[in-house]
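Peer 1: starting from these lines, generate the structure:
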Amino acid sequence: MKYYILFFLIIFLTIFSNCQVKKLTNETMKEDVELKYSKYSCFGKCEVFDFYIYTNRKIKLVAKNNMKLEGNYISELSVEKIDNAILFLDEMNIENLDTSYLTQVTDLQKIEITYKNIKVEFHKRKAPKELLLAMEKLDALINEQNWTEEKN
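Peer 2: This next block holds a predicted model:
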């Protein structure tokens, strides 16, 4: 009887400890995000994705719709490419921008850039030139990258 109780206790502790490790890993990944760039759906054929740059130079693309890729992909950026992207965003002074440049037109694609814990959402029609340039640079970064499908 003692052995059964001991056996079930070991199994319970093993399962419980695995859940805790996974939870901590997901929380750590969220904290390591340096930049998040998202494009949402529209009533046409807009690319829909989430793009993440992590502090360790890893990048992730969650391609959802209307892209050449579909699914979760990872890669790593060179120091030069990271510096170029981050330097541009730093020079843009995202903290001085409004948090929203949305129009009343409901069928336009909404785009979000989150950097330094500041989220700016916009439509292309109403966005300042700095945001449009940032979007173009990030789109080019995504398109020229060699992606590897993420394995779960």
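Peer 1: now for the chain, the helix or strand with the poorest mean pLDDT.
Peer 2: Every helix and strand of the chain was ranked by mean pLDDT, DSSP states H and E. The lowest is helix 2-31, at a mean of 52.
Peer 1: restricting to C-alpha, output the helix or strand that comes right after that helix in PDB.
Peer 2: Using DSSP states H and E, the helix or strand that follows helix 2-31 in sequence is strand 33-39. The C-alpha coordinates for strand 33-39 follow below in PDB (Å, rounded to 0.1, in the frame of the first residue of the first chain):
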ATOM      1  CA  VAL A  33       9.600  40.400 -26.900                       C
ATOM      2  CA  GLU A  34      11.300  43.600 -28.100                       C
ATOM      3  CA  LEU A  35       8.900  44.300 -30.900                       C
ATOM      4  CA  LYS A  36       5.600  43.000 -32.100                       C
ATOM      5  CA  TYR A  37       4.200  43.900 -35.600                       C
ATOM      6  CA  SER A  38       0.800  42.700 -36.500                       C
ATOM      7  CA  LYS A  39      -1.500  43.000 -39.600                       C
END
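Peer 1: beyond strand 33-39, next helix or strand please.
Peer 2: Next along the chain after strand 33-39, taking DSSP H and E as the criterion, comes strand 48-54.
Peer 1: extract the C-alpha set from that next one and format it as CSV.
Peer 2: Taking only C-alpha atoms (Å, rounded to 0.1, in the frame of the first residue of the first chain), the coordinates of strand 48-54 have been written out as CSV:
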residue,chain,number,x,y,z
VAL,A,48,-2.6,38.6,-41.8
PHE,A,49,0.2,37.8,-39.4
ASP,A,50,2.0,38.5,-36.2
PHE,A,51,5.8,39.1,-36.3
TYR,A,52,8.0,39.2,-33.1
ILE,A,53,11.5,40.3,-32.6
TYR,A,54,13.0,38.9,-29.3
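Peer 1: from here on, call the first residue 894.
Peer 2: Sure thing, new numbering starts at 894, so read that last one as strand 941-947.
Peer 1: could you find the closest non-adjacent residue to the most centrally placed residue in the chain?
Peer 2: The centre of the chain sits closest to Tyr945, judged by CA atoms, centre = their mean, with a distance of 2.9 Å. Excluding the flanking residues, the one nearest Tyr945 by CB to CB, 6 or more residues apart in numbering is Lys953, at 4.5 Å. For every residue, glycine as well, the C-beta is placed using N, CA and C.
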